[in-house]
Each structure stands twice: as C-alpha cells, then as structure tokens.
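# What shape does this take:
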Amino acid sequence: AIHTSPLSVISENADFILCRIACRVAVPFFFMVSGYFLYAEQCKMKNKVNRFAKKTAALYAIAIFLYLPINIYNGYFNAKPLLANIFKDLFFDGTLYHLWYLPAAIMGAYLALILFLAGNDVLALSISSGLYLIGLFGDSYYGISARLGHVSKFYDIIFCFSDYTRNGLFFAPIFLVLGGMISRQKKIYSLVYLIDGLILSFCLMVAEGITLHTLRLQRHDSMYLMLLPTMYCLFQILLRLNIKAKPVFRTLSMIIY
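Numbering: from 1, shown residues only. This is a model prediction of the structure:
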C-alpha cells in the first residue's frame with residue numbers, strides 16, 4: 001500500500017492518511033522483529049548480529065545485481081559525481097529507492113549492538129531516541145529546522161551523505177533497541193492498557209501527520225514522534241496474540257520485497 005497509493009483516485013487526503021501515516025508502522029515493525037531476536041540474550045548478541053549482517057549483506061548484493069538493468073536504464077551511471085553517489089547509495093539510500101532498508105538494517109543492528117554492550121537498556125534507549133529526534137527534524141519536522149540558520153546548515157551536511165534521515169543512523173536504531181528491550185522485559189502490561197495506549201497514540205499520530213502535512217513542514221513523511229509509542233503498544237499486542245506462522249511466510253515476505 002505504501003508504494004501504490006491505492007486511495008489516490010478516490011481522495012488524496014484519505015490516501016495520505018493510509019499510506020503516509022497509518023502504513024508507516026510497517027518498516028518499524030520489521031526492525032523491531034529483528035531487534036526482538038537479535039538482542040534477547042546478552043551473551044549471544046554479537047554472534048547473532050554478525051550472522052544477521054552477513055545474510056542481509058548477501059541479500060543486498062543480490063538485490064543490487066537484480067536491479068542493475070533498471071539503474072542502467074535510468075541513466076544512473078551518467079550522474080555526476082558518480083563515485084560519491086555510489087558511496088551514498090550503497091551505505092545509506094540504497095541503489096534503488098526501496099533498497100535503503102537493507103543497509104539501514106545492517107548499520108542499525110551494529111549501532112544498537114554497540115549501545116547495548118556499552119551500557120544498560122536505559123543508555124541504549126536514550127541515545128537511540130536522541131538519534132531519532134535528530135532524524136525527525138530532517139524528515140517530518142524539517143520545515144522547522146530549515147528556518148533555523150545553523151541547524152539548517154547541519155542538515156545540509158547530513159543530506160550530502162544521505163538523501164533522507166530515514167536511514168540506518170537516525171531511524172533504524174530506536175526500533176531495533178525497542179525490540180531488544182521488549183524481548184527481555186519482565187514487566188507485563190495488561191492487554192486493555194496496551195490497546196488503550198495503541199488507540200490513543202495512533203490517533204495522536206494521525207493528528208500529528210495531518211497537522212505537519214497541512215503546515216507543509218514535511219521533507220519526507222516516514223518519521224513521527226507518536227510513531228514510537230504506537231509501535232511499542234502495537235508490538236506488545238501482537239506478541240500477546242501468539243500467532244504461529246510457518247517459516248515459508250518469512251521467505252515469502254523477503255521474495256515479495
């Protein structure tokens with residue numbers, strides 16, 4: 001839905017709410033799933049992240065090769081400066097638009113690992129939240145930072161290395177950290193409490209997205225402040241459902257992607 005705008009022929013506003021707000025839970029969900037399994041056990045984190053990175057890098061290499069004809073057709077290799085663009089795309093933007101997720105997953109996984117090994121969960125959450133906040137003002141809240149001289153120059157530097165702050169440095173770590181924290185969390189919240197929290201935070205996220213869009217503050221629309229509590233509650237609820245899925249669905253989702 002995110003990439004096809006299914007409601008655009010009916011209503012641009014309805015399509016924006018569906019694709020640019022509601023469907024923004026999709027990518028964080030996959031990061032949180034990865035974090036849930038990668039950081040569940042302190043002693044196994046490093047080995048799990050290394051295996052995850054190798055597998056993801058292999059998938060990325062295959063994807064780069066598969067989409068190479070489209071890159072050639074689009075005149076990618078005629079763009080200047082070529083080497084700088086290749087570096088930026090390989091490590092941040094992806095060599096085609098949707099492939100950004102793969103380098104972001106690798107970079108984010110190692111950043112989250114460093115944060116978890118450097119201290120406790122509070123430190124990891126604090127730093128990854130700070131990175132997300134920086135990314136927020138280069139994404140949905142960019143209209144504010146663009147009006148502030150020195151802040152605007154700071155983001156200009158960031159955009160020399162990455163077209164978006166929705167990447168492995170600012171976007172991925174917080175959701176990987178949240179997934180890891182939930183996997184080790186001992187405190188259990190009631191389902192009613194989580195559902196109430198999800199409804200409230202999701203409604204606030206919709207209001208946030210509509211307001212930012214109306215005020216034309218968004219450079220992109222992947223990052224919202226209320227996306228964090230929305231994902232936290234949603235992930236906990238999905239865990240409670242205890243759905244049993246066959247391994248084929250994991251492979252199928254990767255093939256579709």
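# Where in this structure is the helix or strand with the lowest mean pLDDT?
Every helix and strand of the chain was ranked by mean pLDDT, DSSP states H and E. The lowest is helix 247-256, at a mean of 81.
# neighbouring contacts of it?
Here helix 247-256 makes contact (Cβ atoms under 8 Å, 6 or more residues apart in numbering) with Leu59. Any C-beta I mention is one placed from the backbone N, CA and C, and that applies to glycine too.
# which residue sits farthest out from the middle of the protein?
Distance from the centre of the chain peaks at Asn78, with 29.8 Å (Cα atoms, centre = their mean).
# I'd like to know how far that residue sits from Ser162.
Separation of Asn78 from Ser162 (Cβ to Cβ, to the nearest Å): 21 Å.
# Then Asn85?
Separation of Asn85 from Ser162 (Cβ to Cβ) stands at 12 Å.
# In terms of neighbours, single out the busier of those two.
Ser162 (21 against 15; other Cβ atoms under 10 Å).
# what's around the closest residue to the more buried one other than its chain neighbours, how many residues?
Spatially, and ignoring its direct neighbours in sequence, Ser162 is nearest to Phe92 (3.7 Å; Cβ to Cβ, 6 or more residues apart in numbering). The number of residues packed around Phe92, counting by other Cβ under 10 Å, is 21.
# my guess is Phe92 meets Phe159, correct?
No. Between Phe92 and Phe159 there is no contact under Cβ atoms under 8 Å: 10.2 Å.
# in terms of contact, does His220 touch Asn167 like I think?
No. Using Cβ under 8 Å, His220 makes no contact with Asn167, being 10.9 Å away.
# Who has more neighbours out of those two?
Set side by side, His220 and Asn167 show more neighbours around Asn167, with 25 against 15, by other Cβ under 10 Å.
# Which residues are in contact with that one?
By Cβ under 8 Å, 6+ apart, the contact set of Asn167 is 92-93, 100, 103-104, 107, 135.
# top of the residues you listed by neighbour count?
Among the contacts of Asn167, Ala104 has the most neighbours (other Cβ under 10 Å), with 28 neighbours.
# From Ile127, how far out is the nearest residue to that one once chain neighbours are set aside?
Take Ala104 and drop its neighbours on the chain: the residue closest to it by Cβ to Cβ, 6+ apart is Gly168, 3.7 Å away. For Gly168, the distance to Ile127 equals 14 Å [Cβ to Cβ].
# Equivalent analysis for Gly179, please.
On the measure of Cβ to Cβ, Gly179 and Ile127 end up 16 Å apart.
# likewise Met181?
Going from Met181 to Ile127 by Cβ to Cβ gives 13 Å.
# cool, Tyr76 as well?
Taking Cβ to Cβ, one finds Tyr76 at 35 Å from Ile127.
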